[in-house]
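J.: my questions are about this predicted structure, shown below with the sequence.
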Amino acid sequence: MLDLLSGFVGELRNAGLPVSLTENLDAMEAVKHIPIEDRDAFKYALAATLVKNEQHWRAFETVFEVYFSLRGPEYNVGDPDGNGEFDPESLEEWMSQQMQGMGGRGGGQDMSPEEIAEMLFRALLNADEAMMAAMARAAVTQFAGMEPGRPVGGTYYLYRTLRNLDLDGMLERLVDESAQRYEGELTPLAERLEREEFENRIEQLKREIEAEIRRRLVADRGVEAMAKTLRKPLPEDVDFMHASREEMANIRKAIQPLTRKLAARLARKRKHKRRGPLDFRATVRRSLSYGGVPAEPRFRHPRPNKPELIVVADISGSVAAFARFTLHLVYALQNQFSKVRSFVFIDGIDEVTHMFQNEEDITNAVHRVNTEADVVWVDGHSDYGHAFGVFWESFGKDVNAKSTMMFLGDARNNYHSTNAWVLKECQKRARSVFWLNPEPRSYWDTGDSVITEYSTYTDGVFECRNLRQLEGFVDNLA
Amino acid sequence: MSETMFGDLSGVREGLAKVEYLADDGIASVVYLAERLGKPVLIEGPAGTGKTELAKSVAAMSGARLIRLQCYEGLDEAKALYEWNYKKQLLRIQADRGVDAEHEDWVDLQDDIFQDEFLLTRPLLEAISAEDKVVLLIDEVDRVEIETEALLLEILSDYQVSIPELGTIMASQIPLVFLTSNNTRELSEALKRRCLFLHIDYPDLEREKQIVLTKVEGISENLAEQIARVVRSVRQLELKKAPSVSETLDWARTLVLLGIENIDVEQAKQTLHILLKYQSDIEKAAKELTVEA
């Protein structure tokens, strides 16, 4: 048991979850109090002690499923089919056992694809969970064509299975069927709800199939190998440039608290400053009573100046994925700061503040920026030099000692002139100038990247490829 | 812990169900473990999913007294832990002065005025020094500054409070501690490490339906099912604030009061403002519900 748990914790650490020694000890203590045959309780006990961040739950779950899917029969009791009785070494034997298990439920391997589809349809229609699980197994056996030892990822098998099942068509059939069942008495709302219910069941089926494939792969290749292939980056380590839709949604959720933090950081800096600058006039006036000696210096009252933020973001194709994220960041910032001005550019530059301001819905705002902003000057390839030039001409006067400037972009300039003097001027006037670069540091200054030239005139260039780095940036902002 | 508050795992679930709190597997396991291991529970999750309610329910089911500390920005030691009742101390000194001022020794006096009698206990100290069973609820712990968080660490790991003038006060019994957080900021590692972690999300369809059935009087199963489905559908939209369980319950009560048995689009739209709190959200949801149909 001890070995098992420490192995499990080791794998969690490999997956990037921070598990401390005390948490490890807690977990060991916790499982003592949990009846071992209760798989769910066991899982929650481990989760409660080891995972302290909701975003890590997915990663934990994957590792748990892999790790405890085969480890001896006692961990497998929760599994409805009890397929924990096989020996991981002999997949063949297991497969045949599996088939026998199916036999009781109507023929397993002998079922034709049509039969499977039909039974699946029934199961989905009646929300029969046991049946759905059984059908998921049958479908994997039938369609995935899994071969022991073949080094293919689980997604490949998943794709093959799902392609054969045609779940979209299934959804339509289900909706039709239920409409018929109520003989057209369904209100539109009820119909919509019915459809959602079926979509939900199909999602569940997909998860079931995925789990089934994973179980078989683990049986084939062993736990350690599988754990490694299934390892996915944690939400805070997901690269903005290659984030999937789902990951993007997670990132978006995490941005909100970050911007609040950023606002708090910038605000704190002003709160701590008790006295304003020397008030020369008042000091001289006061000095008269000391015979002209300025014995008592007077200071101005600190003016509670609100931090102003000027965000200049590259939204060209090379940073498209990053730009999506950037726009979300800008939108979130706009809610936190009283004054934010946002500009986007490719080779032309345009102010988009108003698009964010009057828009309650972020997706609309992003859409408007992408369609309405006038950012193309010649050919729609990044030209930082020109964009900055125009920026300085039209908006340069708005940069003042209160403003913090943030440039977001990869500084890939397509070998145009850089116009770095704009940043120099900005730095002279603005309180601080930061640059966030979505490229890995090792790529900087390769090819047409001119980041160093710009960085001379900033208060810092930060690599910003994932949430962790963004958070680091916010934290460092003293 | 010598005696256990609630038998085994299923006991927790049943106990909670008795006080009308429907726990899922995760919640029940964590509550059970918290009591067995004597560790605090950190509950995180969106607003209105029953985090505070859980603590209250656990208190109700185990017949313990609930001590609640509501956190806010600017909370300090004097309001969370203890404070010297300095007015009373002043009175004590003055009262003495009249009688036998000569015999009064400063050391004696000092010992005298720093005693239990002059100590005002605040929630945390009260929970520690309580003789009877207590459940301590530290609500919305993410609202205090990160520096104030440190104040909780001693009490959470060792169940003791150190008062410089008095020494350390140990807990006579280990209270069940719940901390809730809306996740507006990341809590410190030190705090997280000392707690069991429980994330309560919006309930799934079946559980939400059950919650509606238990909490709303005179609701039919059919209506509860429909409510749960509509709410799930609304939650899938991208909204500023997704409807919480408490809002679902409010909505259910409204529908029951209005005598509605089958929800149609019009009725749903008219009562949407109970479910959603932002005008833009209401408009969006209303639009969604119509377009799809």
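T.: Perfect, thanks for sending it. Numbering: from 1, shown residues only, chains lettered A, B, ... in the order given.
J.: just give the number of residues close to B:K87.
T.: 9 (other C-beta atoms under 10 Å in any protein chain shown). Yep, even glycine has a C-beta here, placed from its N, CA and C like the rest.
J.: and the stretch 51-200 of chain B, which residues reach chain A?
T.: Residues of the stretch 51-200 of chain B found near chain A (C-beta under 8 Å from any C-beta of the partner chain) are B:N183, B:T184, B:R185, B:E186, B:E189, B:K192, B:R193, B:C195, B:L196, B:F197, B:L198, B:H199.
J.: wasn't B:D142 part of a helix?
T.: Yes: assigned with DSSP: H, G, I helix; E, B strand; the rest coil, B:D142 falls within a helix.
J.: show me what contacts the closest residue to A:A117 other than its chain neighbours?
T.: Once flanking residues are discounted, A:A117 sits nearest to A:L165: 6.9 Å by C-beta to C-beta, 6 or more residues apart in numbering or on different chains. If a contact means C-beta atoms under 8 Å, 6 or more residues apart in numbering or on different chains, then A:L165 has A:I116, A:A117, A:L120, A:A139, A:F143 as its contacts.
J.: what pLDDT is listed against the third one?
T.: According to the model's per-residue confidence, A:L120 sits at a pLDDT of 75.
J.: could you do A:P440 as well?
T.: Taking A:P440 on its own, its pLDDT is 84.
J.: what is the neighbour count of it?
T.: A:P440 has 11 nearby residues by other C-beta under 10 Å.
J.: that one and A:T458, how far apart?
T.: For A:P440, the distance to A:T458 equals 19 Å [C-beta to C-beta, to the nearest Å].
J.: A:T283 against A:P294, yeah?
T.: Yes: the pair A:T283 / A:P294 is scored as a contact, 5.3 Å apart, by C-beta atoms under 8 Å.
J.: can you flag the buried ones in the residues of the stretch 51-200 of chain B next to chain A?
T.: B:N183, B:R185, B:E186, B:K192, B:R193, B:C195, B:L196, B:F197, B:L198, B:H199 (16 or more other C-beta atoms under 10 Å in any protein chain shown).
J.: count the residues that sit near the closest residue to the last one other than its chain neighbours.
T.: The one in question is B:H199. Nearest residue to B:H199 in three dimensions, chain neighbours excluded: A:E54, at 4.3 Å (C-beta to C-beta, 6+ apart). Residues contacting A:E54 under the criterion other C-beta under 10 Å number 16.
J.: I'd assumed B:I200 was in contact with A:E54.
T.: No: in terms of C-beta under 8 Å, A:E54 does not count as a neighbour of B:I200; the distance is 9.7 Å.
J.: now the common contact residues for these two.
T.: With C-beta under 8 Å, 6+ apart, A:E54 and B:I200 have common neighbours B:E44, B:G45.
J.: re the thing from before, quick check on the residue nearest to B:H199: phi, psi?
T.: When quoted as degrees, to the nearest 10, the phi and psi of A:E54 stand at phi -60, psi -30.
J.: those helices in the stretch 101-250 of chain B, which residues are they?
T.: Using DSSP state H, counting those that start in this stretch, the helices found in the stretch 101-250 of chain B span residues B:106-113, B:123-129, B:146-158, B:189-193, B:205-215, B:221-235, B:245-258.
J.: likewise for the stretch 201-350 of chain A?
T.: Taking DSSP H, counting those that start in this stretch to define them, one finds helices in the stretch 201-350 of chain A at A:223-230, A:245-272, A:280-287, A:320-336.
J.: what's the mean pLDDT across the first one?
T.: Model confidence over helix A:223-230, given as mean pLDDT, is 67.
J.: give me the neighbour count for the closest residue to chain A within the stretch 1-150 of chain B.
T.: Of all residues in the stretch 1-150 of chain B, the one sitting closest to chain A is B:S29 (3.8 Å; C-beta to the nearest C-beta). The number of residues packed around B:S29, counting by other C-beta under 10 Å, is 29.
J.: need the next SSE after the strand or helix carrying it, C-terminal direction.
T.: For B:S29, the element it lies in under DSSP states H and E is helix B:25-37. On the C-terminal side of helix B:25-37, the closest following helix or strand by DSSP H and E is strand B:41-44.
J.: contact partners of that next one?
T.: For strand B:41-44, using C-beta under 8 Å, 6+ apart, the contacting residues are A:48, A:52, A:54, B:30-31, B:34, B:51, B:54-55, B:141, B:176-183, B:187, B:191-192, B:195-200.
J.: could you export it as CSV, CA atoms only?
T.: Presented in CSV, the C-alpha positions along strand B:41-44 are these (Å, rounded to 0.1, in the frame of the first residue of the first chain):
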residue,chain,number,x,y,z
VAL,B,41,-11.7,21.7,5.3
LEU,B,42,-11.1,24.4,2.7
ILE,B,43,-14.2,24.6,0.5
GLU,B,44,-13.9,26.4,-2.8
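J.: ok, which stretches of the stretch 51-200 of chain B are strands?
T.: B:65-70, B:82-84, B:119-121, B:134-139, B:160-163, B:167-170, B:176-181, B:196-199 (DSSP state E, counting those that start in this stretch).
J.: what residues does the stretch 1-150 of chain A put near chain B?
T.: A:18, A:20, A:22-23, A:26, A:29-30, A:33-35, A:38, A:40-41, A:44-45, A:47-49, A:51-54, A:57.
J.: can you tell me the SS state at A:E61?
T.: Following three-state DSSP, A:E61 is assigned to helix.
J.: burial count for it?
T.: Residues lying near A:E61 (other C-beta under 10 Å) number 13.
J.: go on, the one 5 residues further on?
T.: Here the count is done by other C-beta under 10 Å, and A:V66 has 24 residues near it.
J.: is it true that it lies in a helix?
T.: Yes: assignment of A:V66 by three-state DSSP places it within a helix.
J.: how close does it sit to chain B?
T.: Distance, A:V66 to chain B, by C-beta to the nearest C-beta, to the nearest Å: 20 Å.
J.: need the pLDDT of that residue.
T.: 78.
J.: tell me if I'm right that it and A:V218 touch.
T.: Yes: counting by C-beta under 8 Å, A:V66 does reach A:V218; the two are 5.6 Å apart.
J.: these two touch, right, B:N85 and B:Q115?
T.: No: contact criterion C-beta under 8 Å: B:N85 and B:Q115 do not qualify, at 10.6 Å.
J.: so those two - more neighbours on which side?
T.: The neighbour count for B:N85 versus B:Q115, taken as other C-beta under 10 Å, is higher for B:N85 (15 against 12).
J.: state the distance from that one to B:E131.
T.: In terms of C-beta to C-beta, B:N85 sits 21 Å off from B:E131.
J.: swap in B:G167?
T.: 19 Å.
J.: figure out the length between the terminal residues of stretch A:118-135.
T.: Distance across stretch A:118-135, first residue to last, is 10 Å (C-alpha to C-alpha, to the nearest Å).
J.: buried residues, that stretch. List them.
T.: Buried-residue list, stretch A:118-135, by 16+ other C-beta under 10 Å: A:M119, A:L120, A:A123, A:L124, A:L125, A:M131, A:M132, A:A133, A:A134, A:M135.
J.: and if you look at stretch B:36-43?
T.: Residues B:R36, B:L37, B:K39, B:P40, B:V41, B:L42, B:I43 are the ones in stretch B:36-43 that count as buried (16+ other C-beta under 10 Å).
J.: no more questions from me, cheers.
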